[in-house]
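Predicted structure and sequence below. I'll ask about it afterward.
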Amino acid sequence: MAEVIIVGSRRAAGALVAEAIERLVAAKADSVLGLATGDTPLPVYRALAERVRAGLDLSSLRGFALDEYVGLPVAHPQSYHSVIANEVVTPLKLDPAAVHVPDGRALGIETAGERYEDAILAAGGVDLQLLGIGTDGHIGFNEPGSSFASLTRVKTLTRQTRADNARFFDSIDDVPVHSITQGLGTILRAKRLVLLAFGAQKAHAVAAAVEGPLTASLPASAIQLHPRATVVVDEEAASMLVEQEYYRDAFAQKPTWGPVIV
């Protein structure tokens with residue numbers, strides 16, 4: 001079972017995870033951070049940016065984004081190249097050359113997944129992978145039906161995912177149909193996983209991922225296979241969890257000699 005931490009706000013979640021990343025960097029300056037996009041990880045990036053402004057040095061930190069749209073120009077404001085640059089690289093003062101995003105260009109897309117896998121392995125693997133969760137239970141762009149052994153590859157987005165992401169575009173018709181994403185097998189290779197979720201609309205997916213059966217129909221349930229997975233949720237996202245009382249007790253009585261997030 002994943003460790004579940006229920007917090008009072010997104011800001012509290014951001015501070016908690018930022019502390020874990022700062023501790024990671026203190027032990028290994030050139031740690032590799034797996035970067036999620038969308039609204040969910042923003043509290044973490046903002047909390048880290050506050051620490052950078054206060055003197056935290058993340059200049060040696062390396063990063064690998066989870067995914068990218070296929071066919072969207074790199075300079076498009078909603079390409080994950082642009083999002084990562086604006087929300088992570090610049091505010092955290094990272095070296096742009098050390099932060100990687102899957103290549104979603106049509107030219108060479110046939111081998112883009114293999115090249116990304118090689119780059120992750122060459123970097124020594126991901127030390128801490130940040131994850132969000134879709135309303136249909138996807139992580140990265142691993143839609144329902146994704147193999148737990150899958151590696152970085154091109155996936156067709158579901159109608160639900162495109163509808164959820166339409167808020168970032170002028171209309172749903174502008175949302176790309178395909179993505180290139182780290183696979184579930186790729187994600188599970190990371191040394192630590194931290195999944196964040198906020199809001200009542202994520203409650204069902206969170207409960208199914210943490211407490212439901214292990215199934216490819218709910219890709220996020222793959223986190224149950226990882227020995228060091230932490231789920232950080234607000235009260236609304238936690239509302240359908242059956243074992244809430246236990247999670248609260250476990251966090252309140254966490255041994256003082258260990259870190260807050262494993």
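Yep, that arrived.

how about the strands of the stretch 101-250 of the chain, start to end?
For the stretch 101-250 of the chain, the strands defined by DSSP state E, counting those that start in this stretch occupy 128-131, 153-156, 178-181, 193-197, 229-234.

so where's the chain uncertain?
Along the chain, segments meeting pLDDT under 70 span 257-258, 260, 262.

just checking, what packs against the longest helix along it?
Longest helix in the chain by number of residues (criterion: DSSP state H): helix 10-27. Helix 10-27 is packed against strand 3-7, helix 42-53, strand 128-131, strand 193-197, strand 229-234, with contacts defined by 3 or more CB pairs under 8 Å, 6 or more residues apart in numbering; DSSP states H and E. C-beta: built from backbone N, CA, C; applies to glycine.

Run the chain-centre distance for the last one.
Taking CA atoms, centre = their mean, to the nearest Å, the mean C-alpha location of strand 229-234 is offset from the chain mean by 11 Å.

if we can go back for a sec, then the longest helix of the chain to CSV, C-alphas only?
Output in CSV follows, covering the C-alpha atoms of helix 10-27 (Å, rounded to 0.1, in the frame of the first residue of the first chain):
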residue,chain,number,x,y,z
ARG,A,10,-2.6,22.7,-2.1
ARG,A,11,0.0,25.0,-0.6
ALA,A,12,0.6,22.6,2.3
ALA,A,13,1.1,19.8,-0.2
GLY,A,14,3.5,21.9,-2.2
ALA,A,15,5.6,22.7,0.9
LEU,A,16,5.7,19.1,2.0
VAL,A,17,6.9,17.8,-1.4
ALA,A,18,9.3,20.7,-1.9
GLU,A,19,10.9,19.7,1.5
ALA,A,20,11.4,16.2,0.2
ILE,A,21,13.0,17.5,-3.0
GLU,A,22,15.3,19.8,-1.0
ARG,A,23,16.4,16.9,1.1
LEU,A,24,17.0,14.8,-2.0
VAL,A,25,19.2,17.6,-3.5
ALA,A,26,21.1,18.0,-0.2
ALA,A,27,22.1,14.4,-0.4
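
Select, out of the helices and strands packed on helix 10-27, the one closest to residue 186.
Residue 186 lies closest to strand 128-131 among the helices and strands packed on helix 10-27, at 9.1 Å (CB to CB).
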